[in-house]
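Asks: need a structure here:
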Amino acid sequence: MVEAEGGVVIVASNAVGPAPGELLAVAVEVADRAARTARRMRAEAITDVSTKTTDTDVVTAADRAVERQVVEELRRLRPGDTVLGEEYGGAAAGDDGGVRWIVDPIDGTVNYLYGLPQYAVSLAAEVDGTVVAGVVRNAATGAEWTATLGGGAFREGRRLRGSARTTLDQTLLGTGFGYDPARRAHQGAVLARLLPRVRDIRRFGAAALDLCMAAEGALDAYFEKGLNPWDHAAGGLVALEAGLVVSGLGGVPAGPDMLVAAPPAIFAELHDLLTEVDAAGGP
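Replies: Next up, the predicted model:
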């Protein structure tokens, strides 16, 4: 079982100084099995409706089951590391050289509920507060993106280098929305001001996948307010290692107030536009 005392998930005694590639290998192994579990649980819920009470319960049960599986496998493979997860909380980032894993068991839970093929397992390894390895695996399709700090970003062996777009008016921009009605109203107003200034806007509903799509150039850039560490830890590293600038506004690191991921050629212009339309404002 997962040990969770005081909101801290503990995985057992400490091992210090692993190479990013070693951590990535663990992440890929664990994420692959977790994605299989997520996909299987959705199929079983759809075909055996007597096992569930509501559609929401299906999603909640899958989120928790997948996260428990991830933690238990990390406990076996990496005794001593800690885990920060969406469902069970976790440890604060340390500065002792230990490893903290950051997991989103099913990023894109509304897509998962509706059967849309945009939901993913996101797993990142952080050392001394810096993410050094990460994997995002689309559980619906099997597509996989990986990165190590300083080692580049890849989709199934193909090196990623982001979009070559150089002008904002030709930029296909990805984003996402919060669930609070007041925040959504503000975000809608922001979009109304952005739309005339860019090629178009897409909302796919899974931040980790959005960041990976920006890393491979399927989106030219991406921004969103309200992301948690598990939403962007792995995908943010993939985007960074693909050559994108990943940041907040005004020189602040990416975080809950704002995350922007864009090629260097358009980052400054997009940054200024997002500031102008108050994208980080509102509730």
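Asks: any idea which helix is longest in the protein?
Replies: Taking DSSP state H as the criterion, the chain has its longest helix at helix 20-47.
Asks: helices or strands next to that one in the packing?
Replies: Applying 3 or more C-beta pairs under 8 Å, 6 or more residues apart in numbering; DSSP states H and E, we find helix 20-47 packed against helix 55-77, strand 99-107, strand 120-127, strand 130-138, strand 144-148. C-beta here means a position set from N, CA and C on the backbone, and glycine is covered the same way.
Asks: Can you give the strand pairings for the shortest one, parallel or anti for each?
Replies: Think strand 144-148. strand 130-138 (antiparallel), strand 152-155 (antiparallel) (DSSP bridges).
Asks: could you redo those as CSV and give each row distance to L123 and mean pLDDT?
Replies: Formatted as CSV, the strands paired with strand 144-148 follow (distance: least, C-beta to C-beta, whole Å; pLDDT from 0 to 100):
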stretch, distance to L123, mean pLDDT
strand 130-138, 5, 98
strand 152-155, 15, 98
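Asks: Can you tell me which of these is most buried?
Replies: Neighbour counts (mean count of other C-beta atoms under 10 Å) averaged over each of those peak at strand 130-138, with a mean of 26.
Asks: what's that strand in contact with?
Replies: By C-beta atoms under 8 Å, 6 or more residues apart in numbering, the residues outside strand 130-138 that reach it are 20-21, 23-24, 27-28, 31-32, 34-35, 102, 107, 117-126, 143-149, 208-209, 211-212, 233-238.
Asks: Equivalent analysis for stretch 226-237, please.
Replies: 27, 84-86, 102-104, 107, 122-124, 126, 131-136, 145, 147-149, 153, 176, 178, 183, 207-212, 215, 246, 254-256, 259, 261.
Asks: ok, now stretch 152-165?
Replies: Contacts of stretch 152-165 (C-beta under 8 Å, 6+ apart): 143-147, 171, 212, 214-217, 219-221, 237-244, 263, 265-266.
Asks: So which of the residues you listed are in helices?
Replies: With DSSP H as the criterion, helices contain 212, 214-216, 237-241, 265-266 from among the contacts of stretch 152-165.
Asks: Just the closest of these to A189, please.
Replies: Nearest to A189, judged by C-beta to C-beta, of those is I266 at 22.6 Å.
Asks: Surely that closest one is in contact with A221?
Replies: Yes: contact criterion C-beta atoms under 8 Å: I266 and A221 qualify, at 6.2 Å.
Asks: any weak-confidence spans in the stretch 51-200 of the chain?
Replies: 51-58, 94-95 (pLDDT under 70).
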